[in-house]
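A.B. asks: Generate a structure from the sequence data that follows.
(one chain, ligands or ions: 1)
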Amino acid sequence: MTTESLPSTARSEALFARARAVTPGGVNSPVRAFRSVGGTPRFIREAHGAHLTDADGTRYLDYIGSWGPMILGHDHPAVREAIASALTGGTSFGAPNEREVQLAETVTRITGVDRVRFVNSGTEATMSALRLARGFTGRKYILKFRGNYHGHADGLLVEAGSGLMTNAAGALGQAAPSSAGVPQEYAALTLVSEYNDPAALDTLMAERGHEVAAVIFEPVVGNAGVLIPTPEFLAALHRVREHGVLLIADEVMTGFRLSLKGATGLLGLTPDLTCWGKIIGGGLPVGAYGGRADVMDFVSPQGPVYQAGTLSGNPLAMAAGLATLEILEGDPGLYGRLEAYTGTLADGLRSAAREAGVILSVNHIGSMLTAFHQDAPDGSIRTYADAARSDTAAFAGWFQHMLGRGIYWAPSQFESIFVSGAHTDHDLNATLDAARAAYAGLGG
Ligand code: PLP
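C.D. replies: So this is what the prediction gives:
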């Protein structure tokens, strides 16, 4: 493809320059800045179905889905109508409303938790769940896994994944904490173990389990690229309870995505607490945490663990979440269709890469997929260290080729892409055509 045939990015460039003058790095969340792939981040004007349109009028097939929430595609008519109908009644009350009861009833019915508390983001959900675990157990340590990302609360920015795997402040191999501004004393309360290493978890638990309030984990990792847990690791996770430790599943990304009951439902895990975000808000800012009644009743005002929010249970956000979950519940075939699309995409990427002599290792589950640019057998990438061996320069080159062909992939090697119900067979073929050309560009 010649430079002449590439769509203009003039308006995005101008907006990025204005944004950099008034916002750190020009963005409100780091990965959006395209630092690890280079080039100008596209400023998005609008999104419908599986497509984004940028400020220059260029249309892209979207595989980010706002980093997960848009499982039904953008601007789904039923979600739009639910938000519009809520809007006519006012946007925030600071008092209880019926929609938050309905969404709580829906979430408890679908997932089987006893109680749920709504917050405004995934970060708030994990942060609050950990405070609750500490309050409930009276212990101060928590344990997380290297390369798992649970939002940006201080104690969780330790050996974290997602943007911290590619941004300067959290370069690979850096010891904990992974962000400036997190005191060593906070980080010292976070123990870190290796994902998919049951022996390491058992050993750490045997030594320190009696001091640990909670083990928090991504039941399927999306934030180091997709990593799928082994049955042995899942068994070790269940064993942490023998030490009086609470098990917290961070389903912010996987909840309602990998199945209606999330990754834990799919994998047969029974955590004590679960965190949600993304899909539960249908594209509006919502997070939630929930679990067993005896633990959740420690939350204020029922119990002594304080947690509050001016906009929590916001009527527009509750309406968007309710409409989304209703559609997911009413379309049981959707998850199978998403999985079939993603499986065909994985096979197509592998063969397109092979034809061009490019080496690739693809992990995928449900509607999540990462194509790691490295020479490893498919499915063998299981840990942060495995993922980190990927050729990020090759990925960046491939990403740019794809973007130039109208396919908007996640702009980092260490992220999952997300397939939505709005992606069609036509989109799948277009993606694979672009991928063939992009790999040929890389190979040549
Ligand atoms: N937990 C997981 C597993 C996530 O993927 C994310 C965000 O990507 C978060 C927590 C934080 O959610 P939020 O960005 O809504 O604060």
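A.B. asks: How about the residue in the stretch 1-150 of the chain that the ligand sits nearest to: what's its closest non-neighbour residue?
C.D. replies: Of all residues in the stretch 1-150 of the chain, the one sitting closest to the ligand is residue 122 (2.2 Å; CB to the nearest ligand atom). To be clear about C-beta, it is placed using only N, CA and C from the backbone, and glycine gets the same treatment. For residue 122, ignoring the flanking residues on the chain, the nearest one in space by CB to CB, 6 or more residues apart in numbering is residue 277 at 3.1 Å.
A.B. asks: Specify the residue ranges that define each domain of this structure.
C.D. replies: The chain breaks down into these domains under automatic domain parsing: 77-330, 333-414+430-444.
A.B. asks: Which among the ones you listed is found nearest to residue 40?
C.D. replies: Closest of the domains of the chain to residue 40 is domain 333-414+430-444, at 9.9 Å (criterion: CB to CB).
A.B. asks: What helices and strands are in contact with the helix or strand residue 78 falls within?
C.D. replies: Using DSSP states H and E, residue 78 sits in helix 77-87. The contact analysis (3 or more CB pairs under 8 Å, 6 or more residues apart in numbering; DSSP states H and E) places helix 77-87 against helix 315-330.
A.B. asks: which secondary structure elements does the helix it packs on contact?
C.D. replies: Using 3+ CB pairs under 8 Å, 6+ apart, helix 315-330 is in contact with helix 77-87, helix 98-111.
A.B. asks: can those helices go into a markdown table with extra columns for distance to residue 426 and mean neighbour count?
C.D. replies: Shown next, in a markdown table, are those (distance: least, CB to CB, whole Å; neighbours: other CB atoms under 10 Å):
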| stretch | distance to residue 426 | mean neighbour count |
| --- | --- | --- |
| helix 77-87 | 20 | 16 |
| helix 98-111 | 32 | 17 |
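A.B. asks: After whatever helix or strand residue 136 lives in, which helix or strand is next?
C.D. replies: Using DSSP H and E, residue 136 sits in helix 122-137. The helix or strand immediately downstream of helix 122-137 is strand 141-145, counting by DSSP H and E.
A.B. asks: who touches that next one?
C.D. replies: 130, 133-134, 150, 155-156, 158-159, 189-195, 204, 208, 211-218, 221, 240, 245, 384 (CB atoms under 8 Å, 6 or more residues apart in numbering).
A.B. asks: now stretch 15-23
C.D. replies: For stretch 15-23, contacts defined as CB under 8 Å, 6+ apart pick out 26, 27, 40, 41, 43, 55.
A.B. asks: Among those residues, the buried ones, what's the ChimeraX command?
C.D. replies: Of these, the buried ones can be selected in ChimeraX as follows, counting by 16 or more other CB atoms under 10 Å:
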select :26,27,40,41,43,55
